[in-house]
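>>> What shape does this take:
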Amino acid sequence: MKVLLAGLVIAASLFAQDSGSMTIHKTKKFVDSITPDRLSTRIALNVTEKDYTQASNTLSSLSTVLKKYEKICKNSGYAINKALEWDKSKGKSVFIGYKGTLNFKCQYDKPSQLEKFYNEPILKKLIENNKKVSVTNFGTQWIVSKHAIAKKKENLERRALLYSAKYAKRISKLLERRCTTKSIDLSPNTNSAIPLSRQEMILSKGTSTNLIHSSEPTKEDAEISYIADYTFICKE
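Have a look, this model is predicted:
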């Protein structure tokens with residue numbers, strides 16, 4: 001306590017001669033944990049056809065299936081390219097048709113929501129009846145939603161404001177002056193485990209070994225923190 005008071009008096013003496021008041025600067029870090037609240041899975045539907053038009057038609061059919069799940073799955077569009085295969089006898093790659101890929105990303109609350117998509121009758125029929133259609137699951141990961149980030153940010157801001165009032169009261173008593181908060185500069189901690197500037201943040205990854213049932217990865221909390229720079233004015 002004595003060290004703190006001495007530090008405050010030294011900092012204030014620079015301003016006391018001219019204005020009769022003193023300015024005190026204070027920096028404090030506010031830390032909290034944030035829990036991922038949504039699952040995210042990136043999926044690709046693959047088609048291989050000898051005819052370009054047929055490949056396009058099949059991908060269009062798959063794209064139509066996605067519309068039923070547009071609340072959780074966002075279509076990233078599809079691309080069709082020439083498919084090549086190595087021919088040992090010829091010692092070179094030969095053209096075998098066209099390969100199309102439809103990419104999309106799904107964000108959901110429960111694994112069962114994505115399983116409904118996998119069990120979609122039209123999709124299952126296309127895969128079972130046409131071996132040229134396949135599904136690639138690039139893995140599932142936990143993310144933090146915009147809503148969760150905003151809520152946590154508000155909580156940290158509230159804590160910073162409450163601390164400002166308490167600290168002003170504390171130094172007022174120590175210095176026997178009337179101290180008030182002049183300004184508060186609150187900014188995300190750049191060393192935090194979660195950069196707040198991102199809209200969504202990946203916390204952990206888990207790759208699904210089963211293309212039909214997307215495995216749920218381990219959920220891990222992460223640290224989120226803010227740095228508050230305070231300026232207090234104390235008058236006699």
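>>> now the strands: where do they sit in the protein?
In the chain, the strands defined using DSSP state E lie at 21-34, 38-49, 73-87, 92-108, 133-144, 178-188, 201-206, 222-235.
>>> Pull out the buried residues from the longest one.
It refers to strand 92-108. 97-104, 106-108 (16 or more other C-beta atoms under 10 Å). C-betas here are computed from N, CA, C, even on glycine.
>>> swap in the second one?
For strand 38-49, the buried set under the neighbour-count rule, 16+ other C-beta under 10 Å, comprises 38-41, 43, 45-49.
>>> related to what we said a few turns ago, can I get the strands of the chain in TSV including distance to Leu161?
TSV is the format used below for the strands of the chain (distance: least, C-beta to C-beta, whole Å):
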stretch	distance to Leu161
strand 21-34	11
strand 38-49	29
strand 73-87	37
strand 92-108	32
strand 133-144	23
strand 178-188	7
strand 201-206	25
strand 222-235	9
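>>> Mind telling me which of the ones you listed the model trusts least?
Ranked by mean pLDDT, those bottom out at strand 201-206, which scores a mean of 33.
>>> Measure how the longest helix anywhere in the chain sits relative to strand 133-144, angle-wise.
Taking DSSP state H as the criterion, the chain has its longest helix at helix 146-175. Angle between the axes of helix 146-175 and strand 133-144 is 20 degrees (criterion: axes from the mean of the first three to the mean of the last three C-alpha atoms, to 10 degrees).
>>> Which strands and helices lie in contact with helix 146-175?
Secondary-structure packing of helix 146-175 (3 or more C-beta pairs under 8 Å, 6 or more residues apart in numbering; DSSP states H and E): helix 2-19, strand 21-34, strand 178-188, strand 222-235.
>>> And that helix, what's buried?
Within helix 146-175, the residues that count as buried by 16+ other C-beta under 10 Å are 148-149, 152-153, 156, 159-160, 163-164, 167-168, 171-172, 175.
>>> Same check on stretch 79-89?
Going by neighbour count (16+ other C-beta under 10 Å), the buried part of stretch 79-89 is 80, 83.
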